[in-house]
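J.: need a structure here:
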Amino acid sequence: MNFLNAFLFAGCVCAIAQIILDNTKLTPGHITSIYTAIGAFLSFLGIYDNLIKKFGAGATSLISNFGHTLYSSAMQGYNEEGFLGIFTGMLTKSSAAIVAAIVFAFLITLIFKPKD
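T.: So this is what the prediction gives:
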């Protein structure tokens, strides 16, 4: 049942993004930014942690989780180090994912050639 809940939640979120993409002039970059901001806002309200508990990987594999991770890292940094901890702690939880994305993107560019 956990797999089904995760699949349905992530599928619904992605379907909403596709509907927005098809019916507006927003680009994928806009939608990505909006979902990241929504994830941070839901984390601010304390809702995103409940989504993760209920839907597991369905909630943690989406781009909205990046906003949640940024917010929770910034708050943890603030609680530990004060105001400057917001900036120093913001990327602590997401730095591995960012580095992995950069490294894998670089490796893919070595393997494949762009179309002319």
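J.: Return stretch 59-75 as PDB; C-alpha atoms alone will do.
T.: Listed next in PDB are the C-alpha coordinates belonging to stretch 59-75 (Å, rounded to 0.1, in the frame of the first residue of the first chain):
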ATOM      1  CA  ALA A  59       6.700  13.200  -1.300                       C
ATOM      2  CA  THR A  60      10.500  13.100  -1.100                       C
ATOM      3  CA  SER A  61      11.200  12.500  -4.800                       C
ATOM      4  CA  LEU A  62       9.500  15.600  -6.000                       C
ATOM      5  CA  ILE A  63      11.000  19.000  -6.600                       C
ATOM      6  CA  SER A  64       8.800  20.400  -3.900                       C
ATOM      7  CA  ASN A  65      10.900  18.400  -1.400                       C
ATOM      8  CA  PHE A  66      13.900  20.600  -2.400                       C
ATOM      9  CA  GLY A  67      12.000  23.600  -1.000                       C
ATOM     10  CA  HIS A  68      11.200  21.700   2.100                       C
ATOM     11  CA  THR A  69      14.800  20.700   2.500                       C
ATOM     12  CA  LEU A  70      16.000  24.200   2.000                       C
ATOM     13  CA  TYR A  71      13.600  25.600   4.600                       C
ATOM     14  CA  SER A  72      14.200  22.900   7.200                       C
ATOM     15  CA  SER A  73      18.000  23.300   6.800                       C
ATOM     16  CA  ALA A  74      17.800  27.000   7.100                       C
ATOM     17  CA  MET A  75      15.600  26.700  10.300                       C
END
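J.: all numbers from here: first residue = 43
T.: Noted, 43 is the first residue going forward, which turns the last one into stretch 101-117.
J.: Could you list the buried residues of that stretch?
T.: Within stretch 101-117, the residues that qualify as buried by neighbour count (16 or more other Cβ atoms under 10 Å) are 101-102, 104-117. (C-beta placed from N, C-alpha, C; glycine too.)
J.: so of those, which ones are in helices?
T.: Residues of the buried residues of stretch 101-117 located in helices (DSSP state H): 101-102, 106-117.
J.: CSV for the residues you listed, including pLDDT?
T.: Compiled in CSV, those are given as follows (pLDDT from 0 to 100):
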residue, pLDDT
Ala101, 90
Thr102, 89
Ser106, 91
Asn107, 90
Phe108, 90
Gly109, 92
His110, 93
Thr111, 91
Leu112, 91
Tyr113, 93
Ser114, 93
Ser115, 91
Ala116, 92
Met117, 93
